[in-house]
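Trainee: This is the structure alone, sequence omitted:
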C-alpha cells in the first residue's frame, strides 16, 4: 500500500472532515472513554500534572490553521518524550497533529520538518521514526481508512476505521486521535487554502 494518503483529495474535502470532528470525538468517547490525551478534549480535563503540562503547552498554539511553522517547534520540543512507553503520549499527539497539518495547513512540509527537528532528538527512536513518517504525510492503513471515511460523501465505515486507529497500544491510538482532533476542533476557519 502507499503510505501516503491522497492528501490533495482529502484537503479538498476539509470542510466535510471538519464538520464530522465533533461526531468523531463522540464516537471515540463511546468507544474508549477519555483514555489518554483524549481527556484534554473533555469539557473539564483532569487537573493532574501530565494534563496540566499538555494544556499549558497547547495554549501556546495560535488559533486557526495557518500556524507559523516557527511557532510549532518550541511546542514540539516540550511535548517530545512527554509520557512513558516506546512512543510517549506527547509524540503520539504530535504525530496526530502532523496528520491534521497535512489535511489543513498551507505549509505541511515546513511544519513537519520543524516538528521533527525539535522533537526527534528528545524522544525514543521508535517515536522519532513515527514522527518522521507523519511529517512526510505518511500513516498506516488504519489512519488512511479513517481519513477516507471522514472525507467520504456517505461515510459508512467511520466506526470501524476509528476502532482500528484507536487499537494502537494502550493509549497511543487515543493520543494520536487527540493530536488530530485538537486543532481540527479549534480551527477558526474551514478552508485549508
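Mentor: The structure has been received and is ready for your questions. For clarity, every value in this text was computed on a predicted model and none was experimentally measured.
Trainee: Just give me the longest helix of the protein.
Mentor: The longest helix of the chain (DSSP state H) is helix 14-32.
Trainee: Next secondary structure after that helix?
Mentor: helix 49-58 (DSSP states H and E).
Trainee: Now do that next one: everything it contacts.
Mentor: Contact with helix 49-58 is made by 37, 39-40, 45, 75, 78-79, 82-83, 89-90, 93, 182, as judged by C-beta atoms under 8 Å, 6 or more residues apart in numbering. All C-beta spots, glycine's among them, are computed from the backbone N, C-alpha and C.
Trainee: Which of those residues scores worst on pLDDT?
Mentor: The member of the contacts of helix 49-58 with the lowest pLDDT is residue 45, at 83.
Trainee: does it really touch residue 38, like I thought?
Mentor: No: at 9.7 Å, residue 45 and residue 38 do not qualify as touching, with contact defined as C-beta atoms under 8 Å.
Trainee: Give me the more crowded residue out of those two.
Mentor: Each of residue 45 and residue 38 has its neighbours counted (other C-beta atoms under 10 Å); residue 38 has more, 24 against 16.
Trainee: quick one, what contacts the more buried one?
Mentor: 25, 28-29, 32, 174-175, 177-178.
Trainee: measure residue 6 to residue 102 for me?
Mentor: 11 Å (C-beta to C-beta, to the nearest Å).
Trainee: Poorly predicted segments of this structure, please.
Mentor: Residues of the chain meeting the criterion pLDDT under 70: 1, 63-65, 187-193.
Trainee: mind running it again at 90?
Mentor: 1-2, 33-36, 40, 42-71, 84-86, 153-157, 170, 184-193 (pLDDT under 90).
Trainee: Could you pull out the strands in it for me?
Mentor: With strands called from DSSP state E, the chain shows none.
Trainee: quick one: the helices in the protein?
Mentor: Under DSSP H, the chain gives helices at 7-12, 14-32, 49-58, 69-79, 89-104, 108-119, 125-135, 141-151, 158-166, 172-186.
Trainee: Now the fourth one: buried residues?
Mentor: Translated: helix 69-79. Buried residues in helix 69-79, counted by 16 or more other C-beta atoms under 10 Å: 69, 72-73, 75-79.
Trainee: Centre of the chain to it, how far?
Mentor: From the chain centre to the centre of helix 69-79 is a distance of 14 Å (C-alpha atoms, centre = their mean, to the nearest Å).
Trainee: Residue most distant from the centroid, this structure?
Mentor: residue 154 (23.2 Å; C-alpha atoms, centre = their mean).
Trainee: I'd like to know how far that one sits from residue 98.
Mentor: Residue 154 sits 28 Å away from residue 98, going by C-beta to C-beta.
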